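Asker: Let me see the structure of the following:
(chains A, B and C)
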Amino acid sequence: MNWITQNLPYIFAGISVGGQYALIAIGYTMVYGILRLINFAHGDIFMVAGVIMVYASATMPMYVSIPLVILTTVVIGVMIEKVAYKPLRSAPRMSIMISAIGVSYLLQNLALYITGGLSQRYPTIPAISKTVTFLGTTTKVVTLVTPVLTILLVTMLVLLIKYTKIGIAMRAVSKDFETSQLMGIRINSVISMTFLIGSFLAAVGSFLYFTNYTGVTPTAGAMPGLKAFVAAVFGGIGSIPGAVVGAFIIGICENIIKGVGWTTFSDAFTFALLIIILVFKPTGLFGEKSTDKV
Amino acid sequence: MSKNVLTLSNVTMQFGGVVAVNNLSLEVNEGEIVSLIGPNGAGKTTVFNVITGVYEATNGSIELNGQTLLSNYPKGKMKKLYAGENKGLYTKTVVKTPDQITKLGVARTFQNIRLFKSQTVFENVLVARHLRRTSNLFTATFKLNYKEEAKMRSETLELLRIVGLEDVKDEAATSLPYGKQRRLEIARALATEPDLLLLDEPAAGMNPQETDDLTAFIHDIRDKFKLTILLIEHHMNLVMDISDRIYAIDFGKLIASGTPDEIQANQKVIDAYLGVTEDE
Amino acid sequence: MLEKSKKKINLTVSTILIILLLFGLYLMELFLSPSNMIFIVLQKGVIYALVAVSMNLLNGFTGLFSLGQAGFMLIGAYTYAIFTIPNEARTAVYQYFGGGLIKFNLPVTISIILAGVMAAVFAFLIGLPVLRLKSDYLAIATLGFAEIIRAIFQWNALGPITNGSNLLRKFPSLDSTGFSKWIQKITCDIFGKTGNVTGATIYAFIASGICIAIIVLLINSTYGRAFKAIRDDEIAAEAMGINLAKHKQIAFCISSFFAGISGALLAMYQTTIQASAFKSAMTYEILLVVVIGGIGSITGSCISSFLFIAASEWWLRFLDAEKYVGGVKVPFLRSGFRKVVFSIIIMAIVLFYRQGIMGTRELTPAGVWNWFKKTFIKSAPKKSKEA
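Answerer: Residues are numbered from 1 along each chain as shown, chains lettered A, B, ... in the order given. Purely as a prediction, here's the structure:
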């Protein structure tokens, strides 16, 4: 019991970070489900949302800048697909992955240029930056808001995928790209929709994530991005509930490790976990198995 | 009586709940050409994949020249799921990987041609000599194996001459016409020095003239390389012409076996191909 | 017979070119100022060429999409540094760790080889679980391992060996090897003074050149053919009796071995190293070098390394400096703009020029001669550039 009270802040932080990872992880898992592509640039889109927020909030009130950030992030995300991935759709898998790495490199360098390489102070979003006391622990409101908001958004997304026309199309495309194309599904709009949702959630995630940190740097997206990807693999790539569960597990474990005092290894742990999963259960917790035909 | 080269005993291959090959037993004797026929989806290619170790059979055993290539029984999830026969018959597990099986003398071609796309005709065959090398990484890198290397090259050239691809040896493998690609696949398989050659639909997509050529070609290489051949084919003319014996399967189960004449007269085979009219 | 004579031409011309090149480098060291940009480009370029070629062996020739290169370079760089820091300098370098645990030195050459061996040993251990994974999963797993390696080397508990997250320095650099003493002595004997000659560039070229030559030999051997077979079609390769696990492991370990050596050379070039520099961004850079040169082309990787380094360190430098033309500030030019332009160029190559500079072809003297004949002497028979 004593252990729990001592570690409660870390567990809270874990749940909160887990929710933020979950929002990013959905972008990875959906894109992978449809295009079989690890969108290496997704973490950087998340970072870009942070950078835009810094500049938007400097000149505009919160109620304008938040929607504006979401809108621009979504536009950038969809544009990237159109420019960098669409022309390579029939190319070997390696080419499109390299293109993703190239986009990541470009976004980081652009951010470096614009911010001048200095860490930019992230604005305080009044509603979620306040400090509250919960179960005897002091924490920011964002810690409590994140899991709730995450669950809410994910539920909406699952409903969207299950019941709407575009959702059904998405599922069909992820099952069989070519056949669904032949069945008259407009593949381009499905893919755009996927990137739209992914970027939207990444933007929301960035508000929650960066509120906990003092600033945004051009490489700030790389690590959370990779971790969210690991979460997606852990849950079974292509599966949205899987990504969410994976993200929470990773977020909590990572913060407990920090709590124990092994901060150096909190990143390494995530990758160790990744490798263990890939070796023993490559399909993750909820993934489906696919085999090559000889 | 000539000796057994390949023996399959009670081989069952089950994927999840689907039994693709069910309790199949067959044997192929030295120097024979044996065909495996059956309607589409009967499990013929699966049999090849099981023999060559691409799939691990769920139950049964496979022997090559008296050596066990595979022996397996339902384990793990399959314990409960297993729907085949002879469940308790095998207790030993031997699983050889495809490369080990090739080394022991089984070579194959593929139904949907699988050549090394970026390489020339010559290189495609040359790489198949790799498994008979005596050089190691060090001697190979520093060209201390130049004698063996020269021998590999001359043998490859000789093989290409025999199969009639010498004149196109420097062309990209995938630029060849379909029939020649099939021939190249056979040449590549021969380069591994097999005892048993498995041909998966070698005449697919060929016209009657090409099919006749292929029949002669298969006879020819059988005699020249002292091979035993097991083949899958849909061209019944070719099958009836070439085979010493035929096994017919449907839904993974053996439905008939015997000489071409016997198979042609077998009612079950006819039913399997033409379908049975029920009720009347 | 034509084949043989072509080989002979290639060999002779290559030898002559190499001798000329080394002599040229010597003359450059003799006559140019040591702060000339060309030396940075040549030294860093040739080290990048080695690591790019080692990555190409894996990604281009064996078809294993691995992103662990920075991790193996880190192992190499640290191994080299740890074993070569002079004993008298250790107290200063390991100031937070009581002078460190290791109290002995190894010669430079042996340390460089050991750097490769250590990287290969790590690669072997990492390869056991991850090489069974398919393309993109392999990429992410190797990337993950590189991050883990970085965390381990920065771990304070290993400080007595790795110096934790602090710099390692004072180890012999490119211009303070036995070779540079030798070449200075010779210069002194001939010209009566050593001038600016340090042999640094020549040393980097010889060390990287030997390594690249070994990789080329390997690729042209029966093992190299097996690697290419695996790249083209794993199932068919296995059916041809090629043991996938073993051959992938060989390619992975050898690639890492040379990445380790390039890490050691990079340490010698930089004179100080720190684990935090070996990020995944470094691997991405090397990957982009490989892509620009052409995945599956050794000469392509070499050419593009020099171009990459020259462009990023030299030719595009002006983009980073603010500039006024007639009192008006030129727009966009300021710190960081170079990298933006650079990444746009790279994206353009990735999207519109996917084959890179060389595709999968190689540049050989005979090939160049044929091309020359074809272009300038019209009557010559049509021949491909490939050799």
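Asker: Next one: residue 16, what pLDDT does it get?
Answerer: Defaulting to chain A. A:Ser16 is assigned 90 on the pLDDT scale.
Asker: switch to chain C, that's the one I care about
Answerer: Confidence score, pLDDT, at C:Ile16: 92.
Asker: and the gap between it and B:Leu184?
Answerer: Per C-beta to C-beta, to the nearest Å, C:Ile16 is found 39 Å from B:Leu184. Just so you know, the C-beta spots here come from the backbone N, C-alpha and C atoms, and that holds for glycine as well.
Asker: Show me which of these two is the more surrounded one.
Answerer: Using other C-beta atoms under 10 Å in any protein chain shown as the criterion, C:Ile16 and B:Leu184 rank with B:Leu184 on top: 24 against 11.
Asker: Contacts only, for that one.
Answerer: Residues in contact with B:Leu184, defined by C-beta atoms under 8 Å, 6 or more residues apart in numbering or on different chains, are B:115, B:121, B:124-125, B:163, B:165, B:173, B:176.
Asker: Check B:Gly252 too.
Answerer: B:Gly252 neighbours (C-beta under 8 Å, 6+ apart): B:13, B:19-22, B:24, B:42-43, B:46.
Asker: Generate CSV for the residues you listed, with pLDDT, distance to C:Ala119 and secondary structure as supplementary columns.
Answerer: Formatted as CSV, the contacts of B:Gly252 follow (pLDDT from 0 to 100; distance: C-beta to C-beta, whole Å; DSSP: H, G, I helix; E, B strand; the rest coil):
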residue, pLDDT, distance to C:Ala119, secondary structure
B:Met13, 93, 42, strand
B:Val19, 90, 48, strand
B:Ala20, 92, 45, strand
B:Val21, 93, 46, strand
B:Asn22, 92, 51, strand
B:Leu24, 93, 49, strand
B:Ala42, 88, 51, coil
B:Gly43, 90, 47, coil
B:Thr46, 94, 43, helix
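Asker: Now the buried members of the contacts of B:Leu184.
Answerer: B:115, B:121, B:124-125, B:163, B:165, B:173, B:176 (16 or more other C-beta atoms under 10 Å in any protein chain shown).
Asker: which one of the residues you listed is nearest chain A?
Answerer: Chain A lies nearest to B:Leu115 out of the buried ones among the contacts of B:Leu184, by C-beta to the nearest C-beta, at 14.7 Å.
Asker: before we move on, the earlier item: now that we have the contacts of B:Gly252, which one has the most neighbours?
Answerer: Neighbour counts for the contacts of B:Gly252 (other C-beta under 10 Å) peak at B:Val21, which has 28 neighbours.
Asker: Up against chain A, what does the stretch 201-350 of chain C have?
Answerer: Taking C-beta under 8 Å from any C-beta of the partner chain as the contact definition, the stretch 201-350 of chain C meets chain A at C:235, C:279-281, C:284-285, C:287-288, C:291, C:295, C:334-337, C:339-340, C:342-344, C:346-347, C:350.
Asker: Next step: the residues you listed restricted to helices.
Answerer: The helices, defined by DSSP state H, take in C:235, C:280-281, C:284-285, C:287-288, C:291, C:337, C:339-340, C:342-344, C:346-347, C:350 from those.
Asker: Can you give me the neighbour number for the residue of the stretch 151-280 of chain B found nearest chain A?
Answerer: Per C-beta to the nearest C-beta, B:Asp200 is where the stretch 151-280 of chain B lies closest to chain A, at 9.6 Å. Neighbour count of B:Asp200, defined by other C-beta under 10 Å: 24.
Asker: rewinding a little: now narrow the residues of the stretch 201-350 of chain C next to chain A to whatever sits close to chain B.
Answerer: Within these, those near chain B by C-beta under 8 Å from any C-beta are C:Ile235.
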